[in-house]
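Visitor: Fold the stuff below for me.
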Amino acid sequence: MTQTPADLKAEILRLAKDFSRLAHTANRPGYETPGEVQRPPFLPGQTTVPYAGRVFDENEVAAAVAATLDFWLTLGKEGEGFEEGLAQFLGVKKSILCNSGSSANLLAVSALSSPKLGGRRLKPGDEIITVAAGFPTTVAPIVQNGFVPVFIDNDPATLNAKVEHLEEAFRPGHTKAVIMAHTLGNPFQLAAVTDFCKKHELWLIEDNCDALGCTYDGKLTGTFGDLSTQSFYPPHHMTLGEGGAVNVVQSLKFKAIIESLRDWGRDCWCASGMDNTCGKRFEWQLGELPKGYDHKFTYSHFGYNLKPLDIQAAIGQVQLTKLPRFIQARIDNWNYLRHGLRDLETVFDFMLPTHATGWSPTGFSWDNSGHQTVCSWFGFMLRVKPGGPFSKFDFARHLDEKKIGNRMLFGGNLVRQPVLVQLKKDRPAAFRVVGNLEGADKIMTEALFIGTYPGLTRDMLDYVIDTIQTYCRG
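Guide: Numbering: from 1, shown residues only. Reported below is the predicted structural model:
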């Protein structure tokens, strides 16, 4: 009997799932019941304990293969499905998929320069407040757009902005926006920041790349600002391999702006493969173009091509179904580490990578003004006390020797990074600094983090705890 394409596809997907069950056991969730699946044996000191990584099973593999067989490739129906699912999870007006979290930040910041915003658009020289210690691609789009980043200090206990410095950073007529990350999945003081932005009529962008699934007073982070961003790079809460998203929270006017910037800057809103969605493709007259110039080749912004592949979105749709369990695993793993290291507060400062005013094994914490947070942790921060028996750098080397993955808090104090030191030499007015940034410096010299991601097993976590306990006891 002749096989149809549908028959062949079904057989290929069955074989792809069988292959994945055998080949990808190390990438399965660490919370699966032992015996449920055959994982590679964990050998303490020999098996690497990653700080983060891809967590998937045969369903993601089958989704990627199915999309590949369809061979649409560029963003299409899978992308539409993923965008709808993410927006529904967050409860935002629209999620717009792009090729990375860094691109998401570029799109969100660039959107503030759109002429479609009228009198509230940002122009070169306008200032955006951000924090000194963090990841550079939160800051890079500010500089790339000709805006001026204004750096305020971080609280070394919470890792987030010292919100008491916001008013000092504000300059009437110059300050137009705020962009901050919820560092390592720890929500910044949203009540104070949103009040500040409302008071001065500033745009707020939440960099939510580390914090998908975190809540502040019962509301998900990424839903407080005008826009928010996500990353789906493998270390993050869910992955598409590469990928990111901009979430439109408040006003749908940003939808057309961000899609234009993502799709070459064109004015047309037709999806890939579609023509004449507006019904008047050859009837527009925009700019100084002749009336009837093809709307598909009319550009309202200087844009880019920042779309991912539909194959990635197919993977993302499967990952979305697992996201609640992934979030809970991060909470559980963080709490397990916190309990296992609870007696080392003489070695590690605070031992609370949270708002430092309260913590409980349920995952609840509170910010400095009593607002409740639930943190879906990106990592477990350890800040080595100065003057102790070892430095942060000694500690990092030891963990590395024991095959325990660890990372600095990204770029540390970004003002000290070569790129910004050179920028200041080339253009002294390229950015402003408020205060002495001593908190960001402490994070730079004292802090590192280890993993909480859902691929970690209890054997791995026990090994991490035992290794740190042994090292600290000399």
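Visitor: residue contacts, the closest residue to Pro141 other than its chain neighbours?
Guide: Computed as C-beta to C-beta, 6 or more residues apart in numbering, the closest residue to Pro141 that is not its neighbour in sequence is Val109, at 3.7 Å. All C-beta atoms are positioned from the backbone trio N, CA, C, and that covers glycine. Contacts for Val109 (C-beta atoms under 8 Å, 6 or more residues apart in numbering) come out as 128, 141-142, 144-145, 147, 177, 179, 205.
Visitor: Let me know the pLDDT of Val109.
Guide: Looking at Val109, its pLDDT is 98.
Visitor: go on, Asn208?
Guide: Looking at Asn208, the pLDDT reads 98.
Visitor: Look at it and say how many residues are nearby.
Guide: Using other C-beta atoms under 10 Å, Asn208 is surrounded by 30 other residues.
Visitor: isn't it right next to Ser228, touching?
Guide: Yes: here Asn208 lies in contact with Ser228, judged by C-beta atoms under 8 Å, at a distance of 4.6 Å.
Visitor: Now the common contact residues for those two.
Guide: With C-beta under 8 Å, 6+ apart, Asn208 and Ser228 have common neighbours 221-222, 247.
Visitor: so where does Pro149 fall, helix or strand?
Guide: Using DSSP states H and E, Pro149 sits in strand 148-152.
Visitor: Let me see the mean pLDDT of the helix or strand just after that strand.
Guide: Next helix or strand after strand 148-152 toward the C-terminus (DSSP H and E): helix 166-169. For helix 166-169, the mean pLDDT works out to 98.
Visitor: same thing with stretch 301-309?
Guide: pLDDT averaged over stretch 301-309 gives 97.
Visitor: most residues in a single strand of this protein, which one?
Guide: strand 175-181 (DSSP state E).
Visitor: Identify the residues contacting Val37.
Guide: 21, 25, 28.
Visitor: Quick check: the closest residue to the second one other than its chain neighbours vs Pro141, distance?
Guide: Spelled out, that is Thr25. Take Thr25 and drop its neighbours on the chain: the residue closest to it by C-beta to C-beta, 6+ apart is Arg39, 5.2 Å away. Applying C-beta to C-beta, to the nearest Å, the value for Arg39 to Pro141 is 40 Å.
Visitor: between those two, who's got more neighbours?
Guide: Just comparing Arg39 and Pro141: by other C-beta under 10 Å the higher neighbour count belongs to Pro141, 25 against 16.
Visitor: Could you double-check that that one lies in contact with Leu106?
Guide: Yes: Pro141 is in contact with Leu106 according to C-beta under 8 Å; the separation is 4.4 Å.
Visitor: quick one: low-confidence parts of the stretch 301-450 of the chain?
Guide: 350-370 (pLDDT under 70).
Visitor: Repeat the analysis, applying 50 as the threshold.
Guide: Residues of the stretch 301-450 of the chain meeting the criterion pLDDT under 50: 351, 353-359, 361.
Visitor: Tell me where it has strands.
Guide: 364-366, 372-374, 379-383, 406-408, 432-433, 447-451 (DSSP state E, counting those that start in this stretch).
Visitor: Report the buried residues of the second one.
Guide: Of the residues in strand 372-374, those buried by neighbour count under the rule 16 or more other C-beta atoms under 10 Å are 373-374.
Visitor: Spell out which strands sit alongside it in the sheet and which way each one runs.
Guide: Strand pairing for strand 372-374, determined by DSSP bridges: strand 215-216 (antiparallel), strand 364-366 (antiparallel).
Visitor: that older thread, ok, the longest strand of the chain: who's next to it in the sheet?
Guide: strand 127-131 (parallel), strand 203-207 (parallel).
Visitor: next structured bit after it?
Guide: Next along from strand 175-181, by DSSP H and E: helix 190-200.
Visitor: other SSEs contacting that following helix?
Guide: helix 166-169, strand 175-181, strand 203-207 (3 or more C-beta pairs under 8 Å, 6 or more residues apart in numbering; DSSP states H and E).
Visitor: Need the winner for burial among those.
Guide: Scoring the helices and strands packed on helix 190-200 by mean neighbour count under mean count of other C-beta atoms under 10 Å gives strand 203-207 as the most buried, with a mean of 26.
Visitor: ok, residues contacting that strand?
Guide: Contact with strand 203-207 is made by 105, 108-109, 112, 120, 122, 135, 138, 176-182, 193-194, 197, 221-222, 224-229, as judged by C-beta under 8 Å, 6+ apart.
Visitor: now those residues: which count as buried?
Guide: Counted by 16+ other C-beta under 10 Å, the contacts of strand 203-207 give 105, 108-109, 112, 122, 135, 138, 176-182, 193-194, 197, 221-222, 224-229 as buried.
Visitor: Run the chain-centre distance for the top helix by length along the chain.
Guide: Scanning the chain for the helix with the most residues, using DSSP state H, yields helix 310-340. Chain-centre distance of helix 310-340: 13 Å, with C-alpha atoms, centre = their mean, to the nearest Å.
Visitor: Ok, stretch 110-129 next?
Guide: With C-alpha atoms, centre = their mean, you get 23 Å for stretch 110-129.
Visitor: Over to stretch 292-312?
Guide: Centre-to-centre, stretch 292-312 and its host chain are 24 Å apart (C-alpha atoms, centre = their mean).
Visitor: buried set for it?
Guide: Quick answer for stretch 292-312 (16+ other C-beta under 10 Å): 293, 295-296, 298, 300-301, 303-304, 306-312.
Visitor: out of the residues you listed, who's nearest Pro44?
Guide: Gln312 (35.1 Å; C-beta to C-beta).
Visitor: Any figure for the gap between the most centrally placed residue in the chain and Gly101?
Guide: In the chain, the centroid-proximal residue (C-alpha atoms, centre = their mean) is Cys209; its distance is 1.2 Å. Plainly put, Cys209 is 4 Å away from Gly101 if you go by C-beta to C-beta.
Visitor: Please enumerate the shared neighbours of those two.
Guide: 229-231, 236, 244.
Visitor: Among those residues, which lie within strands?
Guide: Going by DSSP E, the strands hold 229-231, 244 from the shared contacts of Cys209 and Gly101.
Visitor: Could you check stretch 250-258 and say which residues are buried?
Guide: Applying 16+ other C-beta under 10 Å to stretch 250-258 flags 254-258 as buried.
Visitor: quick one: contacts of that stretch?
Guide: 93-94, 96, 107-108, 111, 114, 116-117, 225-227, 246, 248, 269, 301.
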